[in-house]
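**Student:** Give me a model of this one.
(chains A, B, C and D)
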Number of protein chains: 2
Amino acid sequence: MEKTIPLTDVSLQDTFAAYEQKFKALADQKRLQILNLLCQQESICVCDLADMIDMQQSKLSYHLKILLDADLILKETKGTWSYYTINQKEINHLLSPELCCLFRPTCC
Amino acid sequence: MEKTIPLTDVSLQDTFAAYEQKFKALADQKRLQILNLLCQQESICVCDLADMIDMQQSKLSYHLKILLDADLILKETKGTWSYYTINQKEINHLLSPELCCLFRPTCC
DNA sequence: ACAATTAATCAAAAATATTTGATGAAAAGG
DNA sequence: CCTTTTCATCAAATATTTTTGATTAATTGT
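**Tutor:** Have a look, this model is predicted:
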């Protein structure tokens, strides 16, 4: 007979999988620095950000994609420029008020 | 001439490094499941936990060490048993109230 | 039309993290 | 004592993530 798994456990596993992706995105110094900057800046384009954190463009795009896929940042394209902003709602849902000054906007 | 870095930036980098470790510890489904269980249970020993999540002992010890090193859980040894508890203070410092039911104790 | 700029993507290499099974140390119980 | 239980640690194998440099596509300014 097959091993059965309670339905509630299945959806809990899905929940953990979703949080895994978000915490993975947060689990990197460089990405935390990016969030910290986006948190103070309204919106920044890739080339400006590359200057600010001294990181080559392809590497920065890689890290931005990870944050974007985790829904922690948002992207708006204007012409050849890509402007990124922090996803305030998602960050606030995830992180404590104590982390507000570093990563949560509108807080301090 | 050497490139100089402002002092405040140096300590910001240290802060990001510290959070990187904590978010890395959270960035795994199995570890989130462990935290979720510890959150409801006061304290659990390794062998009971191994049964609960169906994971071999050496693997579980590996994951527990990562959570312990990140200060997200605490360990107390009694005889041959190791009992682990959630580090409520640290978890509360890190995660939002919205995540209370999954990972923050005393909340729900 | 052409050259330059912006940024995403790709494949290969390098670096890290995880899994596995075995071993060892410490304590418990007969 | 001797056997069993509990749990941490180790080295090797595997898997995943990150970095790098090159290429591509779209757009801008001349």
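**Student:** make it CA atoms for all contacts and neighbour counts henceforth
**Tutor:** OK.
**Student:** Spatially central residue in chain A, please.
**Tutor:** A:Leu72 (2.9 Å; CA atoms, centre = their mean).
**Student:** Hmm, A:Lys22 is touching A:Ala70, no?
**Tutor:** Yes. Counting by CA atoms under 8 Å, A:Ala70 is a contact partner of A:Lys22 at 5.2 Å.
**Student:** Any chance you could note which residues of chain A sit beside DNA strand C?
**Tutor:** A:45-48, A:57-59, A:61-62, A:64-65, A:80-83 (CA under 7 Å from any atom of the strand).
**Student:** Most neighbours of all those residues, which one?
**Tutor:** Counting neighbours by other CA atoms under 10 Å in any protein chain shown, A:Leu64 leads the residues of chain A next to DNA strand C with 22 neighbours.
**Student:** Just the element for that residue, please.
**Tutor:** Secondary structure from DSSP states H and E places A:Leu64 in helix A:57-69.
**Student:** And for A:Ala50?
**Tutor:** Counting by DSSP H and E, A:Ala50 is part of helix A:46-53.
**Student:** That helix near chain B anywhere?
**Tutor:** No. Legend: contact between helix A:46-53 and chain B by CA under 8 Å from any CA of the partner chain is lacking; minimum distance shown is 11.3 Å.
**Student:** how about that helix, does it get close to DNA strand D?
**Tutor:** No. Using CA under 7 Å from any atom of the strand, helix A:46-53 never reaches DNA strand D; the gap is at least 12.3 Å.
**Student:** Find out how far that helix is from the centre of the chain, if you would.
**Tutor:** 17 Å (CA atoms, centre = their mean, to the nearest Å).
**Student:** List the first helix or strand encountered after the longest helix along chain A toward the C-terminus.
**Tutor:** Across chain A, the helix with the greatest residue count (assigned by DSSP state H) is helix A:7-26. Beyond helix A:7-26 on the C-terminal side, the first helix or strand identified by DSSP H and E is helix A:29-41.
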